[in-house]
Each structure stands twice: as C-alpha cells, then as structure tokens.
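Asks: here is my input, please return the structure:
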Amino acid sequence: MNSNLPKVLQPLGGSTLISHVIHTAQKISDDITVVVGHQKDILKTYIENHHPLVNSADQNEQLGTGHALKTAAHLITPSQKVLILYGDVPLISEPTIHKLIFEGDQCCLLSMVLSDPTGYGRVIKNTSGHAVKITEQKDASEEEQKISEVFTGTMLVDGELLADALEGLENNNAASEYYLTDIVEILSTKGVKINCIQANPREVIGVNNKKELHHIESILRAMNAEKLLDQGITLTDATRVDLRGELNAGKDCSIDVNVIIEGTVTLGENVTIKSNVILKNVSIGDNTVIEPFSHLVSARVGSNCSIGPYARLRAGSDIGNNAKIGNFVETKNTKLGEGAKANHLAYLGDADIGANANIGAGTITCNYDGVNKFQTTVGDNSFIGSNSSLVAPVNIGKGAYVGAGSVITKDVPDDALAVGRGKQVIKEDWAKNKK
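Replies: So this is what the prediction gives:
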C-alpha cells in the first residue's frame, strides 16, 4: 500500500476498509471482535476511538487465517454462531450475510462462481451438494481446477464445532501456517453438513494494493448510485455521484455531476442539487435549489430556498423558508429568517437574521474579538447596506437601515437609520499638483 497506515485503515468511500465491515456487522450483531496483528497499536487506537463497542484480540504473530481465529477462540461460547469476515473485504452486504445465517445450521460457506477461478480455493462437494473441503489452486488436480465455484473465506459456523475444529487445526505445510480453509475438511470429516451460499463477486473482492482499492471505490460508487436510483432520485451521471453516507429523499429530487454526500442527508420533495456540491449532515426542504460549487455542512435549509453558487453553510446554519443565500456567502452558527436574503459576498457568523431582512454585499458580522465570540441580531425587514461591518455584540432593530460602508458598534433602534463612516473630504487639483 506504500502507506504508514495498516491496510484495513486505507480510505474507502469516506470511511476506512475496516469501518465498512464493522458497520455491516453491527447490523447483524452487537458482539464483534476484530483480530489485530500488523501495526496492531494503530489499529486498536482507531477501533477504540471510532468503534468503542467493538472488542479486539491480539495476533502477535501472523501465522495464517486459522491462527488469527485461534487468537480469538477464548471469546467464543459454544451456544454462539460465529460469523467470520475480513477487514480487507469491505463490500459484503447485510442481505448476503442474512442469507448465510438463514442457511447456516451448523456450518455455511460463502462462495462465488467465477468464469476464471485461477488463484482461488475450489469448493469440493460430495454427491449431496455439501462442501467437504477447499482445495487451493496449487494443490488442485486437473479436474478440480475446472471447478468454477470458489471459497471467499467468509463462513458461519456453530461455536462449539468451531472451537473443536480450531483445536485440530495444524500447520503441516510449506509456510507453516494455520489455514482457515482446513476447517472445512475437519468439520466434514466429523459428519457436519456444510452448505454454500453464492455471493455476488463484487461484494467479496479483497484489497491488497492501491489499484484494487481504486477498483472497489468505483464498485462502491456504483452500488451506492444504484441505491439512489432505486429511491427514485434522478442522477445526471451515476458514475459521478459519491454517496459516502446515507441519503433519504422525497419525490422528484435530482442530483447533478460531481456531488459528494456524507453523513446523514435528508432532502424534501423536488430538491435540485446542481454540480460540484458537497453535502454533509444536512437537511433540505421542498423545492429548494442548491446551486453549483456550494458546500453545506451540519446545516438546515428550509423550503423554496436558493443556495449558491459558491455558498458555504457551516455548522449551525439554519436557513428559513423562501430565503436566499447567494454567491460567495458564508454562514456559521447563524439563523436566517423566512424570506431573508444575503445575495453575495458576505460573512454571517453567530447571527440571528430576521425575516425578510436584506444583507448587502460585503457585509460581515465581526463576531470574534480574538478571545470570545459574540452574537449579532438583525431584526425583521431591516436593510444592511453594502460593505458594512456589524461589530458584535450588537442588535439592529426591526425595519432599521444601515448605510453602506458603515461600521456599527452600537445598537440600532427599530426603524432607525444608522450611518457610521468617515466624512468624505475632497481636495481640488490635489492629483495634478502631486504629478
């Protein structure tokens, strides 16, 4: 991977490989253990910070997949069903796991059928259709190499049977490693009937290098785009939308190209998301348009709004119905009332802007004095002239006007006009004399 991070901490779809697997597993069970080996301290710290309810088991020596399972054997109870997943196989789905559980009485394998199975362990079955062993490519006979069904490594097995099989697992091979695949033959020899469930191959692709990481990123993007299309969302180009979280949308919503969706995003009905927009933990109301190149994070936008282009709504932004945020406007921890407008080139931080207020171009709320932050309040129907600085804490009354180019440091009463600027001085012929 040419990385300082463990392989399973490589990024995928806004998360990490291991987090994708854990999130899927958590939909099935709350009893999860991650076996950590190479660079285990980094991985354990990550799990503690991001998945505090997940256990870990140390594999101090990397002696094969069977050995990894042995290190966690003390956590297995006989009454459990044990599901074995892989931290570098991140795209396995909840429905596939449910099929495995449904079919898994004592033991069930997840297999796949490939047109070219070269390199994979073949699933050898008896006349009853039950798996009896896994034969690796190098050990397969000419006839076995023709078998197209291969083992993915994922399996569900009865806890008591697994514990016994692990006891009998040996490392009598050239690599002196304990192979998980040997468990299949051990259990079959004991009379266990082992079923197989076939997976979609794209769900069980592993990652060993950056080319493969790039490949499954494109697969994940396609899978997530399919989810959006299934919801009835219109996508201009499904290959150029990145869903890196969860999106819930009403009817007649559309998403243009190069849009990134992270966290939890909710769209009302008839919402239009134009190109090159980033949405993270955002709620957007009906009939609202998000214009190109806008960036919304931890914000709420009402109905019938227009946002952007090139708008930035930061955490705590709450935009009321029928409001307008124009190009190059930034808001942070600010409420914009119904019908209010900030059409261009403004910064509104720690502010409460009333209904139908108009914020002129170049207006800023000076909310930070270098130590503390302060609130600015602008009343309903007020008008803030262009290039004004509102030095918080300050209150602008309802229906008040602030003249363009003003620096406002004192409260402005309702319906008043406030002008705070230097007096203009003109010196005739000054420029001529200077030359």
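
Asks: can you list the domain ranges for this protein.
Replies: Split into domains by automatic domain parsing, the chain comes to 7-203, 224-418.

Asks: what's the end-to-end length of the first one?
Replies: Translated: domain 7-203. End-to-end distance of domain 7-203 (C-alpha to C-alpha, to the nearest Å): 18 Å.

Asks: and for the shortest one?
Replies: Counting by C-alpha to C-alpha, you get 53 Å between the two ends of domain 224-418.

Asks: average pLDDT across that domain?
Replies: The pLDDT scores in domain 224-418 average 97.

Asks: okay, and the beta partners of the nearest residue to P117 once chain neighbours are set aside?
Replies: The shortest distance from P117 to any non-neighbouring residue, by C-beta to C-beta, 6 or more residues apart in numbering, is to V150 (4.9 Å). Where you see a C-beta, it was placed from the backbone N, CA and C, and this is true even at glycine. On the basis of DSSP bridges, V150 is bridged to M112, R122.

Asks: wait, V150 sits on D116?
Replies: No. Judged on C-beta atoms under 8 Å, V150 makes no contact with D116 at a distance of 10.2 Å.

Asks: where in the stretch 1-150 of the chain is pLDDT low?
Replies: Across the stretch 1-150 of the chain, the ranges flagged by pLDDT under 70 are 104.

Asks: which SS state does K44 fall under?
Replies: Per DSSP: H, G, I helix; E, B strand; the rest coil, the local secondary structure of K44 is helix.

Asks: my read is L109 is in a strand, agree?
Replies: Yes. The assignment for L109 by three-state DSSP puts it in a strand.

Asks: which residues touch the residue nearest to P117?
Replies: The neighbours of V150, taking C-beta atoms under 8 Å, 6 or more residues apart in numbering as the test, are S111, M112, V113, L114, P117, Y120, G121, R122, V123.

Asks: to N209, which of the domains of the chain lies closest?
Replies: The closest of the domains of the chain to N209 is domain 7-203. By C-beta to C-beta, the value is 9.3 Å.

Asks: picking that back up, could you export the domains of the chain to a markdown table, including columns for distance to Q424?
Replies: A markdown table is the format used below for the domains of the chain (distance: least, C-beta to C-beta, whole Å):
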| stretch | distance to Q424 |
| --- | --- |
| domain 7-203 | 53 |
| domain 224-418 | 10 |
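
Asks: buried deepest among the ones you listed, which one?
Replies: When you average the neighbours per residue for each of these (mean count of other C-beta atoms under 10 Å), domain 224-418 leads with a mean of 20.

Asks: chain center to it: distance?
Replies: 23 Å (C-alpha atoms, centre = their mean, to the nearest Å).

Asks: could you do stretch 65-78 as well?
Replies: 31 Å.

Asks: show residues contacting that stretch.
Replies: So stretch 65-78 is contacted by 33, 35, 37, 55, 57-62, 82, 84, 153, 159-160, 162-163, 166, 169, 171, 177-183 (C-beta under 8 Å, 6+ apart).

Asks: for I32, give its distance to L83.
Replies: For I32, the distance to L83 equals 9 Å [C-beta to C-beta, to the nearest Å].

Asks: over to V132?
Replies: Separation of V132 from L83 (C-beta to C-beta): 22 Å.

Asks: how about L156?
Replies: Using C-beta to C-beta, L156 is found at 5 Å from L83.

Asks: identify the contacts common to those two.
Replies: Residues within reach of L156 and of L83 at once, by C-beta under 8 Å, 6+ apart, are L100, I101.

Asks: so where do the strands sit in the stretch 51-200 of the chain?
Replies: Counting by DSSP state E, counting those that start in this stretch, one finds strands in the stretch 51-200 of the chain at the ranges 55-58, 81-84, 107-113, 122-125, 131-135, 149-158, 194-198.

Asks: and those as JSON lines, adding distance to D411?
Replies: Shown next, in JSON lines, are the strands of the stretch 51-200 of the chain (distance: least, C-beta to C-beta, whole Å):
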{"stretch": "strand 55-58", "distance to D411": "57"}
{"stretch": "strand 81-84", "distance to D411": "64"}
{"stretch": "strand 107-113", "distance to D411": "68"}
{"stretch": "strand 122-125", "distance to D411": "78"}
{"stretch": "strand 131-135", "distance to D411": "78"}
{"stretch": "strand 149-158", "distance to D411": "66"}
{"stretch": "strand 194-198", "distance to D411": "70"}
